[in-house]
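Visitor: Provided below for reference: sequence and predicted model.
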There are 2 protein chains.
Amino acid sequence: MNPKRPYIALTMGDPAGIGPEIVGKVLERQDLRERMGILVIGLEAARPEGLVDGFPELPGQAGFVEVHGPSTWEMGKPQAACGQAALSALQVGSDMAARGDVHALVTAPVCKEALHLAGEPVEGQTELLARWDGTERYEMVAVAGDMRVMLLTRHMALRGAIASITPDSIGWHLDLFYETLRSIGIEAPHIALAGLNPHAGEGGLFGDEEARILQPAIENARARGIQVSGPHSPDMVFLDASQGKNDGVLALYHDQAFIPLKLLSKGRGVTLISGLSYLRVSPVHGTAFDIAGRGIADETNLVAALEKASKWCLTPYPR
Amino acid sequence: MNPKRPYIALTMGDPAGIGPEIVGKVLERQDLRERMGILVIGLEAARPEGLVDGFPELPGQAGFVEVHGPSTWEMGKPQAACGQAALSALQVGSDMAARGDVHALVTAPVCKEALHLAGEPVEGQTELLARWDGTERYEMVAVAGDMRVMLLTRHMALRGAIASITPDSIGWHLDLFYETLRSIGIEAPHIALAGLNPHAGEGGLFGDEEARILQPAIENARARGIQVSGPHSPDMVFLDASQGKNDGVLALYHDQAFIPLKLLSKGRGVTLISGLSYLRVSPVHGTAFDIAGRGIADETNLVAALEKASKWCLTPYPR
């Protein structure tokens, strides 16, 4: 590989979804192919036109690696064979990324139900890739424009999310977030910790979690050399992030993060996984079975994922 | 009054803050003075130039009503005499609005501490105006662009906010919000109720408040003829609101509302009070004591409040 040119493995996702269509549309963008070497991984029956076999050696080329699977399937439905094909492509792509054959892995969406039909009872791609990478120390980071957000808790009731906030959990996430921000090229990241209560508790008037849990966690992290500020008023910290006033926000619960992320992403939000041995970036949308196969899927989000991956993968900081 | 021309009482707020400066800047905008009759209420020593005494009769004129108070004061500090002057202006303005002498009241910011020094131990203008109007049935509504949000709870710890969500409280707020949206010109308002948990509980996977509390409240409100949908996923309902897909969102806690409001208001957000006998609109910023008297205050938010008030006050629906 040319060390100054990003090489990216791109899995096609579930073939019954919009993955193959948006991958095909992405590859029609000659400017993208000039700037990065893309290696598509998927079923031969869904192979976009004009790709070379295997690794793309020349600027402007894109390559293709075939995985075994069906030659026909029904669009827009979860099917075991499609789930298996998506799994195979992920396995090939993650192996290549872990070995360093490519600089990054970008993944088109899979269907959880199809994975289950294929005998893989996993929650989603994130958990699968972490398992294959042999790590339990991982977390999702969502990015919209200049706003980068790691979540302390995700899919649980708000009451439960509040109950699970501890200094240890915050410290664990701050350390991982700090490493991740460095790995995408931010040399001395400034992390802002969101508060839990209105105005971050307004000096204890509205709740004590800030003084009892968040402040001690901040002090511990600072003692380890992590530049972290807060706890910040939740209604200001994401606005600050969108204006570049911090490098990342650690959010305490799902909607604290996803309300601002969805407002600001405008179809270009991406997620990456902290803690893997390689860089993995994905668009935020799903398989969109309702419009699969109709030629109307929008590749903008996948283009954003490739652009972010190609920007982040050549940083001087080790992952 | 000309029934097709809006007449608006505009209080100058705390004279030690930016109120007098931004009121002066607003009045320099001839286009605003052509479109609405503005009656400024404040201290003679802070009177903007070029105003007629009392009610403005001719297009392009603006009027002035003096309240008693000091002729000098220190800028940027809470002072009893300034608090008293702000109180007097509010009292005059709210009396005029309640009598129907004007179509609406717009208020420049006051300083809570100065009100306290003046012997009025109130939380803020909202509570004061509601008390003078003789109502305990009132609530704040925040508006940013096409997004209109009423809050079920405001300044309390998140744990307490969750604990205080009841079908009765939701029903009370839905009724008031429905009336308010009609009073600002939306004939058949569609209110969206935000959920509490991620994805509004995802069918009970992440919390039971949606099924146990929110759904029954929605059914009750519908039986009373209120068009309400939900509970909606909190990370989608504000995005929907910003795209005009609902007429108002009832939010359950402070940051659920103010994270999106602050992101979208871009200096032009306003608040109105539901439940008063008249229309009252205010900018969202405070007295900005740190920059008061320096000539650098931005009147954009006050202009937005006047424009919204003049649009909303001439609707065919009774308040």
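Guide: Nice, I can see it.

Visitor: three-state assignment of the closest residue to A:S274 other than its chain neighbours?
Guide: Of all residues not flanking A:S274 in the chain, A:T180 sits nearest, at 4.0 Å (Cβ to Cβ, 6 or more residues apart in numbering or on different chains). Just so you know, the C-beta spots here come from the backbone N, C-alpha and C atoms, and that holds for glycine as well. What DSSP: H, G, I helix; E, B strand; the rest coil gives for A:T180 is helix.

Visitor: A:T180 and A:V141 touch, don't they?
Guide: Yes - between A:T180 and A:V141 a contact is recorded at 6.0 Å, counting by Cβ atoms under 8 Å.

Visitor: Overlap in contacts, these two.
Guide: Residues touching both A:T180 and A:V141 by Cβ atoms under 8 Å, 6 or more residues apart in numbering or on different chains: A:M150, A:L272, A:S274.

Visitor: hang on, the earlier thing: number of nearby residues for the residue nearest to A:S274?
Guide: Neighbour count for A:T180, taken as other Cβ atoms under 10 Å in any protein chain shown: 25.

Visitor: Also A:F177?
Guide: When neighbours are defined as other Cβ under 10 Å, A:F177 has 27 of them.

Visitor: what's the spacing between the residue nearest to A:S274 and A:L174?
Guide: Distance, A:T180 to A:L174, using Cβ to Cβ, to the nearest Å: 11 Å.

Visitor: and the residue of the stretch 1-150 of chain A at minimum distance from chain B, what is it in contact with?
Guide: Residue of the stretch 1-150 of chain A nearest chain B, by Cβ to the nearest Cβ: A:M147 (9.8 Å). The neighbours of A:M147, taking Cβ under 8 Å, 6+ apart as the test, are A:F238, A:A241, A:S242, A:V249, A:P260, A:L261, A:L264.

Visitor: Please list which of the residues you listed are also close to chain B.
Guide: With Cβ under 8 Å from any Cβ of the partner chain as the criterion, those include A:F238, A:S242, A:P260, A:L261, A:L264 near chain B.

Visitor: Domain map for chain A?
Guide: Using automatic domain parsing, the domains assigned to chain A come out as A:1-138+A:275-319, A:139-266.

Visitor: Could you give the separation of the helix or strand bottoming out on mean pLDDT in chain A from the chain centroid?
Guide: In chain A, no helix or strand scores lower on mean pLDDT, DSSP states H and E than helix A:30-35, which sits at a mean of 92. Helix A:30-35 sits 22 Å away from the centroid of its parent chain (Cα atoms, centre = their mean, to the nearest Å).

Visitor: And it, what does it pack against?
Guide: Helix A:30-35 is packed against helix A:300-312, with contacts defined by 3 or more Cβ pairs under 8 Å, 6 or more residues apart in numbering or on different chains; DSSP states H and E.

Visitor: re the thing from before, in space, what's closest to the residue of the stretch 1-150 of chain A closest to chain B - neighbours in sequence excluded?
Guide: The shortest distance from A:M147 to any non-neighbouring residue, by Cβ to Cβ, 6+ apart, is to A:A241 (4.1 Å).

Visitor: The helix or strand encompassing the one you found - contacts with which helices or strands?
Guide: In the assignment (DSSP states H and E), A:A241 maps to helix A:234-242. Contacts defined by 3+ Cβ pairs under 8 Å, 6+ apart place helix A:234-242 against strand A:147-151, strand A:191-194, strand A:248-251, helix A:254-265, helix B:254-265.

Visitor: How far away from the center of its chain is the helix or strand just after the last one?
Guide: If I follow you right, that is helix B:254-265. Next in sequence after helix B:254-265, counting helices and strands by DSSP H and E, comes strand B:270-274. Relative to the centre of its chain, strand B:270-274 is centred 2 Å away, using Cα atoms, centre = their mean.

Visitor: So what are the sheet partners of strand B:270-274 and their directions?
Guide: Strand B:270-274 has these partner strands in its sheet, going by DSSP bridges: strand B:139-144 (antiparallel), strand B:279-283 (antiparallel).

Visitor: just to revisit the earlier point, which residues does the residue nearest to A:S274 contact?
Guide: Going by Cβ under 8 Å, 6+ apart, A:T180 touches A:V141, A:M150, A:L272, A:S274, A:G275.

Visitor: so what's the second one up against?
Guide: Spelled out, it's A:M150. By Cβ under 8 Å, 6+ apart, the residues touching A:M150 are A:E139, A:M140, A:V141, A:H173, A:L176, A:F177, A:T180, A:G248, A:V249, A:L250, A:A251, A:S274.

Visitor: thinking again about what came up before, how about the domains of chain A, which one is nearest B:M156?
Guide: For B:M156, the closest of the domains of chain A is domain A:139-266, at 5.6 Å, according to Cβ to Cβ.

Visitor: And the residue of the stretch 51-200 of chain A closest to chain B?
Guide: Nearest residue of the stretch 51-200 of chain A to chain B (Cβ to the nearest Cβ) works out as A:A157 at 3.0 Å.
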